[in-house]
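> heads up, no residue letters with this:
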């Protein structure tokens, strides 16, 4: 129940992927800067009551902030790397799926007519459906199901072929193997539609950012100086979190896995029919 509630809260923030990338960067970074400045005005005087002006106060706060910054910096760095690796793996998986589909399409060309034409037509229709229907659903975080019907029809049509020679048997077996490989890669893409950084890690990131900024509020310095220096720190924290959020959920937002490999393959398929 708690996990479902956490996922529900996290999905509330998926609207950020509908915002253009440059506006999203300014929004997140600006939110952090605004939060810090408002805290300087409202919260800083309260925190200063616990750290009264005395010799060495800034040194103590600085030591604690440096120690905390090391751990928090490592956390942000590891999450950023994990988000980038996840994005790259999904992108590579899509390319592998297109490569498998290309090989399968070429294998179908060697079948006698009318099997070759029927099989290739089904694959062209599948490729078109991925571009036109599946990808928009993936950008909304939904797993498309329409392609499965087309692949079932292709599989049934493929099984209708009855090899007459040993060469036909070998080629047919290779095509079936290639089809199974393609199905596995397609399933990897569908599984990646809902992949992302767990909600609990986002909670830790946000709490860590708040603690980081709260420690800066405890420093004894000129108010204007604290606004400028703390604002710069808040801006960088917001930029880092924007980077992670933009790469999280590989199929969402402007920074997302593109259907370009499928589009290029579909152009080749259409050109061959002309």
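All right, it came through fine. Quantities reported herein were computed from a predicted structural model and do not represent experimental measurements. Residues are numbered from 1 along each chain as shown.
> Can you check which helix is longest in this protein?
Looking across the chain with DSSP state H, the single longest helix is helix 57-109.
> Which helix or strand lies directly C-terminal to that one?
Sequence-wise, the next helix or strand downstream of helix 57-109 (DSSP states H and E) is helix 115-129.
> Report the mean confidence score over that next one.
Averaging pLDDT along helix 115-129 yields 91.
> Stretch 171-178 too?
90.
> Off-centre distance for it?
33 Å (C-alpha atoms, centre = their mean, to the nearest Å).
> on that earlier part again, packing partners for the longest helix of the chain?
If you count contacts as 3 or more C-beta pairs under 8 Å, 6 or more residues apart in numbering; DSSP states H and E, helix 57-109 packs onto helix 115-129, helix 166-191, helix 199-217, helix 223-247, helix 260-273. Bear in mind the C-beta positions are built from the backbone N, C-alpha and C, glycine included.
> Packing partners of the shortest one?
For helix 260-273, the helices and strands in contact under the criterion 3+ C-beta pairs under 8 Å, 6+ apart are helix 57-109, helix 115-129.
> Please work out the angle formed by the directions of it and helix 115-129.
In terms of direction (axes from the mean of the first three to the mean of the last three C-alpha atoms, to 10 degrees), helix 260-273 departs from helix 115-129 by 140 degrees.
> Could you list the low-pLDDT ranges of the protein?
Residues of the chain meeting the criterion pLDDT under 70: 1-12, 50-55, 274.
> about what we covered before: mean neighbour count and distance to residue 20 added to the helices and strands packed on helix 57-109, as JSON lines?
Output for these, formatted as JSON lines (neighbours: other C-beta atoms under 10 Å; distance: least, C-beta to C-beta, whole Å):
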{"stretch": "helix 115-129", "mean neighbour count": "18", "distance to residue 20": "28"}
{"stretch": "helix 166-191", "mean neighbour count": "15", "distance to residue 20": "25"}
{"stretch": "helix 199-217", "mean neighbour count": "16", "distance to residue 20": "22"}
{"stretch": "helix 223-247", "mean neighbour count": "17", "distance to residue 20": "11"}
{"stretch": "helix 260-273", "mean neighbour count": "14", "distance to residue 20": "20"}
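> and of these, who's closest to residue 60?
Closest to residue 60 of the helices and strands packed on helix 57-109, according to C-beta to C-beta: helix 199-217, at 10.7 Å.
> which helices and strands sit right next to that closest one?
The contact analysis (3+ C-beta pairs under 8 Å, 6+ apart) places helix 199-217 against helix 2-11, helix 21-42, helix 44-48, helix 57-109, helix 223-247.
> most packed of those?
Highest mean neighbour count among the helices and strands packed on helix 199-217 (mean count of other C-beta atoms under 10 Å): helix 223-247, with a mean of 17.
> which helices and strands does it pack with?
Here helix 223-247 touches helix 21-42, helix 57-109, helix 199-217, going by 3+ C-beta pairs under 8 Å, 6+ apart.
> swap the cut-off to 10 Å and go again
Packing partners of helix 223-247 (3 or more C-beta pairs under 10 Å, 6 or more residues apart in numbering; DSSP states H and E): helix 21-42, helix 44-48, helix 57-109, helix 199-217.
> sorry, back to before: mind checking which of the helices and strands packed on helix 57-109 is nearest residue 41?
For residue 41, the closest of the helices and strands packed on helix 57-109 is helix 223-247, at 9.0 Å, according to C-beta to C-beta.
> Now do that closest one and helix 21-42, the angle between them.
If you take the same axes, to 10 degrees, helix 223-247 sits at 140 degrees to helix 21-42.
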